[in-house]
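[1] just a sequence and a predicted model for now, questions to come.
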Amino acid sequence: MGIRDRVLVLLLVLSGLSVLSPAAASQPLPMALAPTPSSDPFYTYAGRVPLDQLPRGAVLKRREVDHHLAGLALPLTLTQLLYRTRDTLGAAATTVTTVIPPIATVFAEPRLVSFQFAYDALGVQCNPSYGYSGAGGPGGQVTTAEQAAVLGYLLAGYTVVVSDYEGQELHFGAGRESGMATLDGIRAAINAGVYGLTSRTSIAMVGYSGGSIATEWAAEQAPRYAPEIDRRLVGAAMGGTPTDLAHLLAYIDGSMIWAGAIPLGLVGLARAYDIDLDRYTNAYGKSVVAAVQDQCIGDVIGAYPGLTFADLMKPRFSTFTSIPPLLRVRRQVVMGRAGTPTTPLFFAVAKLDDTGDGIVVTQDVADLAADYCGRGVSVRYQQYTGLEHITGMVAFVPDALTWINAQFADTGGQDGCSGLG
């Protein structure tokens, strides 16, 4: 069985523990094997040097921990780093990255893959670092499924870095911040010199759904924000990418499955951009906002069937664009407006109905791919017709690994654009 097949089997098996399983979501949370990030002193910086005087990507703390999968310790170790980054409004901030050595030694020099999880969280229990250090239970279901995908890269010989790119305050949906934290997580891994990583190490990035937000914004901002990382990038693969959050919110408005992502995204953006939602929400909206404050995407899928944006808001604020601060934020979270990637890109997206995959607008992804192609970026576009968002991930995982393998080997044949109509 090849690596592609092993990844697919692992993903399908572990998806039984993920958000695809309603029964799993109803089970009580078992005792965690590690303290939560909010009670773990490793996540706190208390150094003498003020944080804003340290360079982005500076390593503040380091620890080695057992490699956990679904709460079970594997006979492997990994390294976690607390590092300096910046938040949406420009303030110095910290978060944690997990650096995982390859299971098999394949390459003479390390090759690094930055894998962005779709943890879509407002609660720290869903941080990827917590899943790797010993968390178990439904809070980490999405993390567990994506850990299976990461195993494919480890078996292929790659070193993998997985960052808590939403930051310590969980700024879900704040793409620019997620992209910067991703780039600073790569910097931290290289600065720490773990597993033989150096400034000469070649790097790829990959992410699906929420993870694609961080991946795309990292690729888009890298030429200016982290030029030394940008020069080492061989490619960035993104699947199920929400390129315009306002379009996504309109698409899932009233959805029987995905409507719960509306309050989740609103709270994440409000945190990042310091918006007081209480001014705009009605009584029901206030109760929903309070309910999701510490939840993650697995908690809200199917939990608010038929919910609309207007259901949450006072009558005069019934649309996203009728709320002035959200209208300003919308201009900040549309992809393609902060810069132009220089690395080759792989965009993949499913299409189930006339609009998209159930949550992501397919044409938005095709339009962004075409836009970058027009700017001279090398782009491959892949559409999974007939699949929805979750099954689209199952298709994307092996395709992304195959594409990244080719990019590292310089056999991708990607010079220009392909797959665009």
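    Ah, there it is.
[2] residue 285 and residue 353, how far apart?
    28 Å (CB to CB, to the nearest Å). Backbone N, C-alpha and C define where each C-beta goes, glycine included.
[3] out of these two, which sits in the more crowded spot?
    residue 285 (21 against 10; other CB atoms under 10 Å).
[4] spell out the residue ranges of the strands in the stretch 51-200 of the chain.
    59-69, 72-86, 92-100, 111-116, 159-163 (DSSP state E, counting those that start in this stretch).
[5] mind listing what the longest one pairs with, with the direction of each?
    Paired strands of strand 72-86, with direction, are strand 59-69 (antiparallel), strand 92-100 (antiparallel) (DSSP bridges).
[6] could you report the neighbour count for residue 286?
    Counted with other CB under 10 Å, residue 286 comes out at 13.
[7] my bad, residue 283
    Considering only other CB under 10 Å, residue 283 is surrounded by 7 other residues.
[8] show me the contacts for it.
    By CB atoms under 8 Å, 6 or more residues apart in numbering, the contact list for residue 283 is empty.
[9] from now on call the first residue 15
    Will do, 15 is the new start, and the previous item becomes residue 297.
[10] okay, the strands paired with strand 86-100, which one's buried deepest?
    strand 106-114 (a mean of 25; mean count of other CB atoms under 10 Å).
[11] spatially, what comes nearest to the residue nearest to the spatial centre of the chain if we skip its sequence neighbours?
    Geometric centre of the chain, nearest residue: residue 225, 2.1 Å, by CA atoms, centre = their mean. The shortest distance from residue 225 to any non-neighbouring residue, by CB to CB, 6 or more residues apart in numbering, is to residue 130 (3.6 Å).
[12] show me what residue 80 is bridged to.
    Here residue 80, judged by DSSP bridges, has bridge partners residue 91.
[13] the residue nearest to the centre of the chain reaches residue 129, doesn't it?
    Yes. Taking CB atoms under 8 Å as the definition, residue 225 is a contact partner of residue 129 at 7.5 Å.
[14] spatially nearest residue to residue 314, not counting backbone neighbours?
    residue 274 (2.9 Å).
[15] what's the mean pLDDT across the lengthiest helix in the chain?
    For the chain, the longest helix by residue count, based on DSSP state H, is helix 403-423. Across helix 403-423, pLDDT averages out at 97.
[16] show me where the stretch 115-264 of the chain has its helices.
    142-147, 155-169, 189-206, 224-239, 241-244, 259-266 (DSSP state H, counting those that start in this stretch).
[17] tell me the domain ranges of this structure?
    17-255+360-432, 259-346 (automatic domain parsing).
[18] quick one: low-confidence residue ranges for the protein.
    Where the chain drops to pLDDT under 70, the residues are 15-47, 150-156, 425-429.
[19] what's near enough to touch residue 116?
    124, 167-173, 209.
[20] from those residues, pick the one nearest residue 146.
    residue 168 (12.1 Å; CB to CB).
[21] on that earlier part again, JSON lines for the strands of the stretch 65-214 of the chain, including distance to residue 293?
    Formatted as JSON lines, these follow (distance: least, CB to CB, whole Å):
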{"stretch": "strand 73-83", "distance to residue 293": "36"}
{"stretch": "strand 86-100", "distance to residue 293": "27"}
{"stretch": "strand 106-114", "distance to residue 293": "26"}
{"stretch": "strand 125-130", "distance to residue 293": "32"}
{"stretch": "strand 173-177", "distance to residue 293": "33"}
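[22] close enough to count as contact, residue 242 and residue 213?
    Yes. Contact criterion CB under 8 Å: residue 242 and residue 213 qualify, at 6.9 Å.
[23] follow-up on the earlier one: could you dump the helices of the stretch 115-264 of the chain into CSV and include distance to residue 217?
    Below are those laid out as CSV (distance: least, CB to CB, whole Å):
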stretch, distance to residue 217
helix 142-147, 18
helix 155-169, 12
helix 189-206, 6
helix 224-239, 10
helix 241-244, 7
helix 259-266, 27
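[24] check contacts around residue 405.
    Residue 405 neighbours (CB under 8 Å, 6+ apart): 364, 398.
[25] one step back: of all the strands of the stretch 65-214 of the chain, which lies closest to residue 146?
    strand 106-114 (4.8 Å).
[26] pull the closest one out as CSV, backbone CA atoms only.
    These are the backbone C-alpha positions of strand 106-114, laid out as CSV (Å, rounded to 0.1, in the frame of the first residue of the first chain):
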residue,chain,number,x,y,z
ALA,A,106,3.0,41.7,19.9
ALA,A,107,1.5,38.3,20.7
THR,A,108,2.5,34.7,21.5
THR,A,109,1.3,31.3,20.4
VAL,A,110,2.6,27.7,20.2
THR,A,111,3.8,25.6,17.4
THR,A,112,4.4,21.8,17.3
VAL,A,113,7.3,20.5,15.4
ILE,A,114,7.2,16.8,14.5
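[27] could you check the angle helix 155-169 makes with it?
    60 degrees (axes from the mean of the first three to the mean of the last three CA atoms, to 10 degrees).
[28] so how far is strand 106-114 from its chain's centroid?
    Put simply, strand 106-114 sits 13 Å off its chain's centre (CA atoms, centre = their mean, to the nearest Å).
[29] circling back to that earlier point, what's the closest of the strands paired with strand 86-100 to residue 253?
    The nearest among these, by CB to CB, is strand 106-114 at 20.7 Å.
[30] tilt between that closest one and helix 189-206?
    Using the same axes, to 10 degrees: strand 106-114 against helix 189-206 is 60 degrees.
[31] what sits against residue 49?
    With CB under 8 Å, 6+ apart, residue 49 has no contacts at all.
[32] rerun that using 10 Å as the cut-off
    Taking CB atoms under 10 Å, 6 or more residues apart in numbering, we find residue 49 in contact with 55-57, 144, 147-149.
[33] from those residues, keep the buried residues only.
    Buried by 16 or more other CB atoms under 10 Å: 56-57, 144, 147-149, out of those.
[34] show me which of those residues is closest to residue 78.
    Closest to residue 78, out of all of the buried ones among the contacts of residue 49 and judged by CB to CB, is residue 147, at 10.4 Å.
[35] I am finished for the moment; much appreciated.
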